[in-house]
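> One predicted model, sequence on top.
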Amino acid sequence: MAQGLIEVERKFLPGPGTEERLQELGGTLEHRVTFRDTYYDTPELSLMQADHWLRRREDSGWELKCPGAAGVLGHHTEYKELSAEPTIVAQLCKVLGADGLGAGDVAAVLGPLGLQEVASFVTKRSAWKLVLLGTDEEEPQLRVDLDTADFGYAVGEVEALVHEEAEVPTALEKIHRLSSMLGVPAQETAPAKLIVYLQRFRPQDYQRLLEVNSSKQRPQGTEDPDNCLG
Ligand SMILES: Cc1ncc(C[n+]2csc(CCOP(=O)(O)OP(=O)(O)OP(=O)(O)O)c2C)c(N)n1
Ligand SMILES: [Mg+2]
């Protein structure tokens, strides 16, 4: 992925007819791929608590997702994706309040920053692309990923990659239109694979994240329909 693009996406729960529906809508299957993601954080989950998500994806290298202007908003999320290692290291140092580690490899700063593996799982993905007919602008093209993680959780995402914040509203409008054409209920949200992994295999970490997010996002005593952990 090109450096610093903004990923705008909406997750949903795919059904048995989702691929057929994508074909009916003119979508083309780009590829089916299998990869392992390994996520890293401090023992206190300082990165995740700051809405930063560091992972090494097999065959793609290091990636850091940082919140965009919206972060998690209602049913969609907006993240900047960093993939150049010096940029990732600089951002990690900033978030974790560390100085003087230079701008080297991510692997070299894991130890000094106290980062360790917190989750690792394999995803089988079918990746689709689609141009919505009847829209004035072809860009941004929409992508739909249908993922199944090796711990038995399936999730889809409709996403657009844009270069700047000004393009986000158009991207969102298209994402919502396609989601509706795919039959995704307007109010449906689906958690990220990593969040379900933590919920199942690291329940204390999951609880900790939930508490931090709840206290950040809502006034005391109110409901939390848009909790960013989905
Ligand atoms: C509903 C919701 N979604 C995401 C987040 C934030 N978040 C949780 S885990 C997480 C990191 C994993 O992101 P995700 O898009 O689920 O991973 P994946 O689809 O495998 O990667 P891609 O190929 O798209 O780059 C984020 C950003 C959130 N807080 N709430
Ligand atoms: Mg995604």
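On my side now, so go ahead. Ligands and ions are numbered 1, 2, ... in the order given.

> Do a quick rundown of the helices in the chain.
Using DSSP state H, the helices found in the chain span residues 18-24, 46-49, 85-96, 106-113, 168-181, 193-201, 203-217.

> could you redo those helices as CSV and give each row mean neighbour count, distance to Tyr79 and mean pLDDT?
Glycine gets a C-beta too; all of them are placed from N, C-alpha and C. Below are the helices of the chain laid out as CSV (neighbours: other C-beta atoms under 10 Å; distance: least, C-beta to C-beta, whole Å; pLDDT from 0 to 100):
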stretch, mean neighbour count, distance to Tyr79, mean pLDDT
helix 18-24, 16, 23, 95
helix 46-49, 20, 13, 96
helix 85-96, 18, 12, 94
helix 106-113, 16, 18, 95
helix 168-181, 18, 11, 92
helix 193-201, 19, 13, 98
helix 203-217, 14, 15, 85
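
> tell me which helix or strand of the chain sits lowest on mean pLDDT?
Lowest on mean pLDDT, DSSP states H and E among the helices and strands of the chain sits strand 61-73, with a mean of 81.

> Which residues does stretch 100-107 contact?
By C-beta atoms under 8 Å, 6 or more residues apart in numbering, the residues outside stretch 100-107 that reach it are 54, 56, 62, 85-86, 88-90, 92-93, 109, 112-113.

> swap the cut-off to 6 Å and go again
The contact list for stretch 100-107 (C-beta atoms under 6 Å, 6 or more residues apart in numbering) reads 62, 85-86, 88-90, 93, 109, 112.

> circling back: and the helices of the chain: which comes nearest Val155?
Ranking those by proximity to Val155 (C-beta to C-beta) places helix 193-201 first, at 6.1 Å.

> In contact with Arg32, which residues?
Arg32 neighbours (C-beta under 6 Å, 6+ apart): Ser126.

> Would you mind measuring from Ser179 to Lys124?
As defined by C-beta to C-beta, to the nearest Å, Ser179 lies at a distance of 22 Å from Lys124.

> Distance to Leu130 for the helices of the chain - can I get that in CSV?
Below are the helices of the chain laid out as CSV (distance: least, C-beta to C-beta, whole Å):
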stretch, distance to Leu130
helix 18-24, 7
helix 46-49, 31
helix 85-96, 30
helix 106-113, 33
helix 168-181, 7
helix 193-201, 22
helix 203-217, 32
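
> Relative to His76, tell me which of those wins on proximity.
The closest of the helices of the chain to His76 is helix 168-181. By C-beta to C-beta, the value is 6.2 Å.

> tell me what the closest one is packed against?
Other helices and strands packing on helix 168-181, by 3 or more C-beta pairs under 6 Å, 6 or more residues apart in numbering; DSSP states H and E, are strand 6-12, strand 154-162.

> For Thr42, which of those strands is the nearest?
Judging the helices and strands packed on helix 168-181 by C-beta to C-beta, what sits closest to Thr42 is strand 6-12, at 24.0 Å.

> what lines up beside the closest one in the sheet?
In the sheet, strand 6-12 lines up against strand 76-82 (antiparallel), strand 154-162 (antiparallel) (DSSP bridges).

> what angle do the shortest one and helix 168-181 make?
An angle of 120 degrees separates the directions of strand 76-82 and helix 168-181 when computed by axes from the mean of the first three to the mean of the last three C-alpha atoms, to 10 degrees.
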